[in-house]
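>>> Structure for this input, please:
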Amino acid sequence: MAGTKVKVDWEVRDYHINFLKDMAEKYGIKDEAKAMRVLIDFALQDGDLEKIFDKKNMRCIACGGAF
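Residues are numbered from 1 along each chain as shown. Below you'll find the predicted structure:
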């Protein structure tokens, strides 16, 4: 998918970054930013957005709660 890259400033938890770094290393991806783009592109093209964003599937690992 071609497009202009835009720098963003998001807050994520340390385990989110660790996950992205681990996946980048495991799958030979350049860095965690590219791993995030891979996840977003998958959601955009092939993801079941109803399932991804269904309230029952949203949860906070850090606090154990749901949204």
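
>>> hey, let's count contacts and neighbours off CA atoms from now on
OK.

>>> residue boundaries of the strands in this protein?
Here the chain has no strands by DSSP state E.

>>> Sketch out the helices for it, chain order is fine.
14-26, 32-45, 49-52 (DSSP state H).

>>> Is it possible to get TSV of those that adds mean neighbour count, mean pLDDT and distance to C60?
Output for the helices of the chain, formatted as TSV (neighbours: other Cα atoms under 10 Å; pLDDT from 0 to 100; distance: least, Cα to Cα, whole Å):
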stretch	mean neighbour count	mean pLDDT	distance to C60
helix 14-26	14	97	11
helix 32-45	14	96	18
helix 49-52	11	94	14
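
>>> got these as CSV, with distance to G3 columns?
Formatted as CSV, the helices of the chain follow (distance: least, Cα to Cα, whole Å):
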stretch, distance to G3
helix 14-26, 21
helix 32-45, 12
helix 49-52, 22
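
>>> To T4, which of those helices lies closest?
helix 32-45 (12.2 Å; Cα to Cα).

>>> Give me the helices and strands touching the closest one, please.
The contact analysis (3 or more Cα pairs under 8 Å, 6 or more residues apart in numbering; DSSP states H and E) places helix 32-45 against helix 14-26.

>>> can you list contacts of stretch 23-35?
For stretch 23-35, contacts defined as Cα atoms under 8 Å, 6 or more residues apart in numbering pick out 17, 20-21.

>>> If we use 7 Å, what do you get?
Outside stretch 23-35, the residues that touch it by Cα atoms under 7 Å, 6 or more residues apart in numbering are 20-21.
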